[in-house]
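*Asks:* Below are the sequence and a predicted model for it; my questions follow.
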Amino acid sequence: MEGIAPGSVVITDRAVDSFFKPRFEQVILDNVVTRSTELDKELAEELFNCSKEIPDFPTLIGHTMCTYDFYEGQGRLDGALCSFSREKGLDYLKRAYNAGIRNIEMESTVFAAMCRLCGLKAAVVCVTLLNRLECDQINSPHDVLVEYQKRPQLLISRFIKQRLGLRDQTS
């Protein structure tokens, strides 16, 4: 079965909604306004190239799916409510993977849409904690999760230093 290995850093090229569309729908007064969530591809490539300089740092570029909630919206079976079967949930996650989705969270579409609307180059960098095609439960040891959660900050700080022309103090 495919999927993303825990600890992989995902640089988002496109934030998508639960229908795998690159859009953010916002209600303004009594109108639904749809905004694009395309992110800066050059910035994503720059970040990816920067990641290659970090040893043992699995990194990829892919879509991030933004959902309204952590449980049912992300196809999880372990919430207080669950209105679908394991098979239906797994089918959805496989369709998401086949659509290029490599990460799931709850903030990226509004961030991408607002940055794009303001003309700002933006990136979303996340770390995966588990392979959703295999399980819902995060069962890595605490020290491993702490190391994983540092990875996006490590990449971004290295990228900023590179942009400023500073040498990385940790190497």
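*Replies:* Noted; the coordinates are in hand.
*Asks:* Per-residue confidence, the residue sitting furthest away from the middle of the chain, what does it come out as?
*Replies:* Here the chain reaches farthest from its C-alpha mean at residue 30, the gap being 30.4 Å by Cα atoms, centre = their mean. Here, the pLDDT recorded for residue 30 equals 96.
*Asks:* need the contact list for it.
*Replies:* Taking Cβ atoms under 8 Å, 6 or more residues apart in numbering as the definition of contact, residue 30 has no neighbours. Using the backbone N, CA and C atoms, a C-beta is placed for each residue, glycine as well.
*Asks:* Let me know the next secondary structure element after the host helix or strand of residue 113.
*Replies:* Residue 113 is part of helix 108-117 when elements are defined by DSSP states H and E. Downstream of helix 108-117, the first helix or strand assigned by DSSP H and E is strand 124-127.
*Asks:* Which parts of the helix holding residue 113 count as buried, going by neighbours?
*Replies:* Across helix 108-117, burial judged by 16 or more other Cβ atoms under 10 Å covers 108-113, 115-116.
*Asks:* Of those residues, which is the nearest to residue 156?
*Replies:* Residue 156 has its nearest neighbour among the buried residues of helix 108-117 in residue 111, at 14.3 Å by Cβ to Cβ.
*Asks:* For that closest one, give me its contacts.
*Replies:* Residues near residue 111 by Cβ under 8 Å, 6+ apart: 15, 122, 124.
*Asks:* can you map out the strands along this structure?
*Replies:* For the chain, the strands defined by DSSP state E occupy 9-16, 23-28, 31-36, 59-66, 101-105, 124-127.
*Asks:* Could you say which of those is packed most deeply?
*Replies:* Greatest average neighbour count among these goes to strand 9-16 (a mean of 25), per mean count of other Cβ atoms under 10 Å.
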